[in-house]
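Generate a structure from the sequence data that follows.
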Amino acid sequence: MIKLIICGAAGRMGKRIITCAQSEEDLKVTAAVERVGHPDLGRDAGEISGVGAIQVPLTDSLEGVIRPGDVVIDFSAPGPALVHAGIAAASGKALVIGTTGFTPEEEDQLRETVRGIACVFSPNMSVGVNLLFKLVGKVAETLGDDYDIEIVEAHHRFKKDAPSGTARKIARIVADALDRDLEERVVYGRVGMTGERTREEIGIHSIRAGDIVGDHTVIFSTPGERLELTHRAHSRDTFARGALRAARFAAGSAPGFYSMIDILEV
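Got it, this is the predicted structure:
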């Protein structure tokens, strides 16, 4: 039995992870963590998630509940996630991070913090999206500089960061495949007299509306034709089950910094 500690447990993803874990015989949620001052502190995490009582009260202290656990799953925010990573590393616990919005400097800090434990870090835990990552790199490499590349992502109105971590990851993959400096070539939306599009631009555009779970489209276009690769998530459960799959992987892996691609290739 793998014992899970969920950080960000009262959030949209945290609740779905708790719900999905209840149907897995080899997984058990043993602790649930939220920010200081959260209105649901003290309540049963299962009741908050809608699956009924699981005898796990929501707490604001990871340090106070981490000892019996095996894997920490974090879907919180960049600042708290870095703190949680430090606690997990100090306790020798495996870690899964699906939190998005990290700056490049924060990602470097995360990598350094978790060097002694198994950590799966991915901006998107969906199996389909991670297959998209592989396809995008291959297509970009094959088509080369003759095709303009634009990335369009859409999420619900409550998402706090933009562009999405998934869109950033796609842009990074494209830039690496084409040997481009992403920070020099990326364009976030366009407005006004922008002039003619340059050949090496990588465009990223964000939509925030309603309850969209998560859509990502990568456009490769040249005069005469257009190729589009699209992934649409219909439910957060696809991310939740991906996170649980990552937890199983992390629990049985040697220290290292892993991605969902590492899991899919096992």
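
do you know how far the spatially closest residue to Val83 that is not a sequence neighbour is from Gly165?
The shortest distance from Val83 to any residue other than its chain neighbours is 7.9 Å, reached at Leu62 (C-beta to C-beta, 6 or more residues apart in numbering). The C-beta positions use only the backbone N, C-alpha and C, and glycine is treated the same way. Distance of Leu62 to Gly165, given as C-beta to C-beta, to the nearest Å: 22 Å.

can you tell me which residues contact Phe257?
With contacts defined as C-beta atoms under 8 Å, 6 or more residues apart in numbering, Phe257 is in contact with Arg111, Val114, Arg115, Cys119, Phe121.

List just the nearest of those residues to Asp146.
Phe121 (33.4 Å; C-beta to C-beta).

number of nearby residues for that closest one?
For Phe121, the neighbour count with other C-beta atoms under 10 Å is 22.

Name the nearest residue to Arg168, sequence neighbours excluded.
Pro123 (6.9 Å).

I meant to write Glu24 there.
Here the residue nearest Glu24, using C-beta to C-beta, 6+ apart, is Leu244, at 6.3 Å.

That neighbour reaches Ile18, doesn't it?
No: taking C-beta atoms under 8 Å as the definition, Leu244 is not a contact partner of Ile18, at 10.4 Å.

List the single closest residue to Thr30 in space, sequence neighbours excluded.
That would be Lys3: by C-beta to C-beta, 6+ apart, it lies 4.4 Å from Thr30.

which secondary structure element contains that neighbour?
Per DSSP states H and E: Lys3 is located in strand 2-7.

got it, and Val129?
helix 127-143.

what comes up buried for that helix?
Using 16 or more other C-beta atoms under 10 Å as the test for burial, helix 127-143 gives Val127, Val129, Asn130, Leu132, Phe133, Val136, Gly137, Val139, Ala140, Leu143.

Also stretch 188-205?
For stretch 188-205, by 16+ other C-beta under 10 Å, it's Glu201, Ile202, Gly203, Ile204, His205.
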